[in-house]
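Q: Here is a sequence with its predicted model. Questions after.
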Amino acid sequence: MKIGPATVSLLAALCASFTCPAPAQAQRPAGPPPSSDIVEIVADSQQKTGDTYLLRGNVEIRYRGMTLRADEVTYDEKSRTAEARGHLVFERDDDRLEADEGRYELGPGAGTFLGVEGTVGSVPRPTDDYLVTSNPFYFQAERVERHSDGSYLVERGWVTNCRPGRPQWRLRAARAQIRPGRDVRLYRSSFLLRGVPILYMPFAALSIAEQPRKSGFLLPSFGNDSRRGTTVGAGFFWAINPHADLTLGARFFNQGGWAQSVDLRALPSTTGKLEINYFGAAATKFSRTTGVNLNGRFVHVFADGQLPNGFRALADINYLSSLRFRLGFAETFNEAVASEVRASAFLTNNPDTFYFNGFAGRYQNFFQAAPETSVTLLAAPGFEFGTRPRWLGWLGRQPLYFSFDSSGGGMRRDEPRFQTPDLVQRFEIYPRVTLPFHLGRIFTLTPTLGVRAARYGARLVDNPAPPPECRADPVFPGCKQVENRPLRRITAEVSVDLRFPSFQRIFERGPHRYKHVIEPEVTYRYVNGVRHFEQFLRFDENDILTDTHEVEYALTQRLFRKEAGDSGQVGEILSWRLSQKYYFDPDFRGALRPGVRNVFAALNSLTPFAFADQPRRFSPIVSTFKLNPGSGYSADFRLDYDPKTHRLANTRLSGGVRLSELVRLNLSHFTTRNRDVLQPRSNQIRLLASYGELFHRGFNSAFAITWDLRRDFLPNTVVQASYNWECCGVAFSYRRLGLGPVRSQNEYRFTFTIANVGGFGTIRSRERLF
């Protein structure tokens, strides 16, 4: 039946007037448009008294997208008020209520329901940040009021997003306010896990928005370790506006001390991004009992944005007060053993083939924690200007290209027993021409000729009063001192790149086609003009240029596989590169110092591991082997073989296998076997085995170790296990960190996660092994 502003038409009455038999089930005609002002009512029987209708049997009322069903309804046509009894069902948008009885005003869309069970909220978007369920939020209450703005006031009820029956978790409250699409606010609430009260909260809020984001206090976190004792944490999240938020956190240790954290995220424009992270700690009791001061702070700032006229500004700044602080409070092993701290800021523009960079940078490398020593390099301010190869014209039948690089700025170096003046000027320009041409139809020869000129505002000279250590170690800090007398360097540089034709063969094995490619290459380099190499101050890779006369030769093999079919994808499943250098000038025109570690551009361009403590003509043979056949298998094997000592100097092996969708295994092995004068020896194995995924339903576990074979010691051991239900999950973690006297501890951590909401606990996302 449809009820307009002044008319009533009943389906039951129409059927009676035409003497048609009563249907087994009332008809359900299509409802009116949601914006229509027509009330549609369907019932098995009706009785009218004045403006009031008594409707019985399968009653259904539809109005503006709302549907109300019940066994019996008293409807007032004048006030448009429905009083429903028995199996009441109310539906509107994503909300559904089932109640014993209720009263609803169709005009304002408000009403009161008793003995209510219901659902509110839509399904959130999938995300990798937290556990997600397709369940809406379920709630039960003795009394529920629906307001005209679509919100609900719940009295003496509870809410969960687990399926009804026996939910894993519930929030029980004396009073709650539900705002569909926004949040659930609970007053005087208790958190129940499997029906057992765990935590009482005077106020709590749960987001049911499609993209949850709301200001408020975060759930507390708890943890324990053998050094700091019990840890209690709390935090506050402030959604400043749709484009910025701030998180404040604090942790307290019952063994004395506390830690603070501040995290700011902002999108100031459509092309801009800003992140500021601060972490500080004060371990007062531990510092007093051990004599090791762990107090400190770490700051990270990242900013990126587009500016007018094609300019881009970027800053990535890190500051660490001390290495002891990082060792004492780093959350992961990799973070704890990272000794380098970098800070840089750029203003860049790249019109056409040119580039311009204005920059400032700081680099700090900590050598040891106690006593703490480090080297700090500062470059500020500075600029870079140059161009990529530009076509100049033809030389005969060959194209001629020109390019150049230039830079300038102030530099500073600070380390124990050695400091430069406040800023040392350094300028460099490197113009060059390139003339590629073909030798016949198969060879390509690309010579490049250039001149590099550099000027330094100061130089290194012998210290007239050197420390005693200089007798045994001439490069010991303090053996040299800075003299404010300019130093110039002008070098002539030639490089010739000879590329051979690649040899290839195509063959078939089963449904796949394979291509085997062999690529030989030879590069000749000649640099002349570096004088007084020992007088150049060392700031970065631009300062380790020496005279050299060398040839580098390499052979690369690749294996490609094409899937079956004409449109099958092609992928590289194997590559193996062998390379070596031959030095015609083994002592680099006197720059090489026998008996000490030498680091030159001509040496470390082949391998990052130092190998020259004596003059030599042949470099190590560098082998790089990569295997990626698919089906979850991968391997990366790199080694340096020293033909002078006839042994492997450095090796790195890393491999991974995915046995199934849930089972993974990764293994890495690192060794250095050079002489101690070049670098300390090491021999480490790292293993990671995992079953499951971060938010996989059911049981998940992971195990990771770092094993120092040389000292037979485990500096890092981690075991994690979790179990996820459809609406929540729980995770446990054990970590053993052995970082010497600064930190040797066992950590026990726990996190409980609520689907679509987030988690509370002490296992942070970056600490998970999954």
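A: Now that the structure is in, tell me what you want to look at.

Q: how does this structure divide up, domain by domain?
A: 1-92, 128-214, 215-370, 681-770 (automatic domain parsing).

Q: Turn those into a markdown table, columns for mean pLDDT.
A: Below are the domains of the chain laid out as a markdown table (pLDDT from 0 to 100):
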| stretch | mean pLDDT |
| --- | --- |
| domain 1-92 | 71 |
| domain 128-214 | 87 |
| domain 215-370 | 89 |
| domain 681-770 | 88 |
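
Q: Tabulate those domains (TSV), appending mean neighbour count and distance to Arg505.
A: Where C-beta positions appear, they are placed from N, C-alpha and C, glycine not excepted. Listed next are the domains of the chain as TSV, based on neighbours: other C-beta atoms under 10 Å; distance: least, C-beta to C-beta, whole Å:
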stretch	mean neighbour count	distance to Arg505
domain 1-92	16	68
domain 128-214	17	43
domain 215-370	16	39
domain 681-770	17	38
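
Q: Out of those domains, which gets nearest to Tyr583?
A: Closest approach to Tyr583 among the domains of the chain is made by domain 681-770 (25.5 Å; C-beta to C-beta).

Q: Check the offset of that closest one from the chain's centre.
A: 17 Å (C-alpha atoms, centre = their mean, to the nearest Å).

Q: got JSON lines for the domains of the chain, with distance to Arg673 too?
A: Shown next, in JSON lines, are the domains of the chain (distance: least, C-beta to C-beta, whole Å):
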{"stretch": "domain 1-92", "distance to Arg673": "73"}
{"stretch": "domain 128-214", "distance to Arg673": "41"}
{"stretch": "domain 215-370", "distance to Arg673": "21"}
{"stretch": "domain 681-770", "distance to Arg673": "6"}
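
Q: out of those, nearest to Pro416?
A: domain 215-370 (8.6 Å).

Q: Give me the distance between the two termini of the closest one.
A: Length of domain 215-370, first residue to last, C-alpha to C-alpha, to the nearest Å: 43 Å.

Q: and the longest strand for this structure?
A: strand 372-395 (DSSP state E).

Q: elements contacting it?
A: Packing partners of strand 372-395 (3 or more C-beta pairs under 8 Å, 6 or more residues apart in numbering; DSSP states H and E): helix 323-329, strand 354-369, strand 398-415.

Q: okay if I get those as a markdown table plus distance to Arg768?
A: Formatted as a markdown table, the helices and strands packed on strand 372-395 follow (distance: least, C-beta to C-beta, whole Å):
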| stretch | distance to Arg768 |
| --- | --- |
| helix 323-329 | 19 |
| strand 354-369 | 27 |
| strand 398-415 | 38 |
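
Q: Which one, of those, ends up nearest to Phe90?
A: helix 323-329 (53.2 Å).

Q: what are the C-alpha coordinates of that closest one, in PDB please?
A: In PDB, the C-alpha atoms belonging to helix 323-329 read as follows (Å, rounded to 0.1, in the frame of the first residue of the first chain):
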ATOM      1  CA  LEU A 323      76.300   5.500  19.300                       C
ATOM      2  CA  ARG A 324      75.700   4.300  22.900                       C
ATOM      3  CA  PHE A 325      72.200   5.700  22.700                       C
ATOM      4  CA  ARG A 326      71.500   3.800  19.500                       C
ATOM      5  CA  LEU A 327      72.900   0.600  20.800                       C
ATOM      6  CA  GLY A 328      70.900   0.900  24.000                       C
ATOM      7  CA  PHE A 329      67.500   1.800  22.500                       C
END
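
Q: name the helices or strands packed onto that helix?
A: Helix 323-329 packs on strand 273-282, strand 296-306, helix 333-336, strand 354-369, strand 372-395, going by 3+ C-beta pairs under 8 Å, 6+ apart.

Q: In TSV: the ones you listed, plus distance to Ala313.
A: Shown next, in TSV, are the helices and strands packed on helix 323-329 (distance: least, C-beta to C-beta, whole Å):
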stretch	distance to Ala313
strand 273-282	11
strand 296-306	6
helix 333-336	28
strand 354-369	9
strand 372-395	14
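
Q: So for Ala702, which of these sits nearest?
A: Of all those, helix 333-336 comes closest under C-beta to C-beta, at 14.1 Å.

Q: from the chain's centre, how far out does that closest one sit?
A: Distance, centroid of helix 333-336 to centroid of chain: 15 Å (C-alpha atoms, centre = their mean).

Q: which helices and strands sit right next to it?
A: Using 3+ C-beta pairs under 8 Å, 6+ apart, helix 333-336 sits against helix 323-329, strand 713-724.

Q: Only alpha carbons, please: show stretch 395-402 as PDB.
A: What follows is stretch 395-402, C-alpha atoms only, in PDB (Å, rounded to 0.1, in the frame of the first residue of the first chain):
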ATOM      1  CA  LEU A 395      83.700  14.900 -37.100                       C
ATOM      2  CA  GLY A 396      83.900  13.400 -40.500                       C
ATOM      3  CA  ARG A 397      81.100  10.800 -40.300                       C
ATOM      4  CA  GLN A 398      81.200  10.400 -36.500                       C
ATOM      5  CA  PRO A 399      79.000  12.300 -34.100                       C
ATOM      6  CA  LEU A 400      80.800  14.400 -31.500                       C
ATOM      7  CA  TYR A 401      79.400  15.000 -28.000                       C
ATOM      8  CA  PHE A 402      80.300  17.400 -25.200                       C
END
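
Q: nearest to Gly102, of the domains of the chain?
A: Smallest distance to Gly102 across the domains of the chain (C-beta to C-beta): 5.3 Å, for domain 1-92.

Q: Not counting its neighbours along the chain, what's nearest Phe609?
A: Nearest non-adjacent residue to Phe609, counting by C-beta to C-beta, 6 or more residues apart in numbering: Asn650, 4.7 Å away.

Q: what's the strand or helix carrying the one you found packed up against?
A: Assigned by DSSP states H and E, Asn650 belongs to strand 647-658. Counting contacts by 3+ C-beta pairs under 8 Å, 6+ apart, strand 647-658 is packed against strand 633-642, strand 663-672.

Q: For those strands, give me TSV that also has mean pLDDT.
A: Formatted as TSV, the helices and strands packed on strand 647-658 follow (pLDDT from 0 to 100):
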stretch	mean pLDDT
strand 633-642	95
strand 663-672	95
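
Q: can you put the ones you listed in a markdown table and add mean neighbour count and distance to Val196?
A: Output for those, formatted as a markdown table (neighbours: other C-beta under 10 Å; distance: least, C-beta to C-beta, whole Å):
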| stretch | mean neighbour count | distance to Val196 |
| --- | --- | --- |
| strand 633-642 | 17 | 46 |
| strand 663-672 | 16 | 34 |
